[in-house]
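> okay, sequence plus prediction incoming.
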Amino acid sequence: MIIEELILRNFGVYKGQQSFNLSPESASKPVILVGGQNGGGKTTVIDAIQLALYGPLAKVSNRRNLGYERYLRKCIHTEVDPMEGAGVELTLGLVSAGEEYTLQIRRSWRMNGKGLVQEFEVRRNGQLDALLTERWPEHVESLVPSGIASLFFFDGERIKALAEPKSSGKLLSTAIKSLLGLDLVDQLDGDLLVLAKRKATSLASSVDQKEICRL
């Protein structure tokens, strides 16, 4: 899979429509460098790629604890009418069974009187692919699983963390656990503890309830 082009529309610091040609110039020059000052939008490019691919599951840099719709509203350029909205489009070059083809993944969103309106589509060689659009969350996992996306999509500031043995081990461990679904085990374990605590509290006396809450 080769990322050939990224188009941003009113996304983050990028007002209007901006296009990034990310296709390598040749096999002997396979690296594309994106440079700029702090706050210039370098990380925004990585975020946009992940958002295009994974949507709600994208591990973007500035989402924090925001819900998906609130995050999308935040991504609309501050000088743009929210009703005009924003969007990201990613073009991928792929090969399957000896056939070369392109995929265009398009996500856009805007505000209207009722809230946030989102649109998503996938085009294969320029033609809308309704089946691939519907099953995209499953298909993208066969390209680059979201659980290990952090090992492929990161900016220069994270290179140091990946290069240092102490921090890289933790990053690799987290990615592998996510890929294997082991992170869900930890989450379920925590949820079960909360459920058991609630059940014990509901059956205990008022005095015991205070003691349980301290645990």
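Arrived safely, thanks for sending. Numbering: from 1, shown residues only.
> who's in contact with the residue nearest the centre of the chain?
Geometric centre of the chain, nearest residue: Ala58, 1.5 Å, by C-alpha atoms, centre = their mean. The neighbours of Ala58, taking C-beta atoms under 8 Å, 6 or more residues apart in numbering as the test, are Asp47, Gln50, Leu51, Ser146, Ala149. All C-beta atoms are positioned from the backbone trio N, CA, C, and that covers glycine.
> just these: which are in helices?
Among the contacts of Ala58, the members found in helices (DSSP state H) are Asp47, Gln50, Leu51.
> and the last one, how many neighbours?
Other residues lying near Leu51 total 26 when counted by other C-beta atoms under 10 Å.
> now the strands for this protein?
Secondary structure of the chain by DSSP state E: the strands cover 2-11, 14-21, 86-96, 99-112, 115-124, 127-128.
> of those strands, flag the one that's most buried.
Ranked by mean neighbour count, the strands of the chain are led by strand 2-11 with a mean of 20 (mean count of other C-beta atoms under 10 Å).
> ok, back up a step: out of the contacts of Ala58, which is most surrounded?
Counting neighbours by other C-beta under 10 Å, Leu51 leads the contacts of Ala58 with 26 neighbours.
> and the closest residue to it other than its chain neighbours, what pLDDT?
Closest residue to Leu51 apart from its sequence neighbours, by C-beta to C-beta, 6 or more residues apart in numbering: Ala58 at 4.7 Å. Per-residue pLDDT puts Ala58 at 89.
> now do the one 4 residues further on
With respect to pLDDT, Asn62 has a value of 80.
> could you pull up phi and psi at it?
The phi and psi values for Asn62, taken as degrees, to the nearest 10, are phi -120, psi 20.
> quick one: the closest residue to it other than its chain neighbours from Asn21, how far?
Spatial nearest neighbour of Asn62, chain neighbours left out: Asp47 (7.3 Å); criterion: C-beta to C-beta, 6+ apart. As judged by C-beta to C-beta, to the nearest Å, Asp47 and Asn21 stand 19 Å apart.
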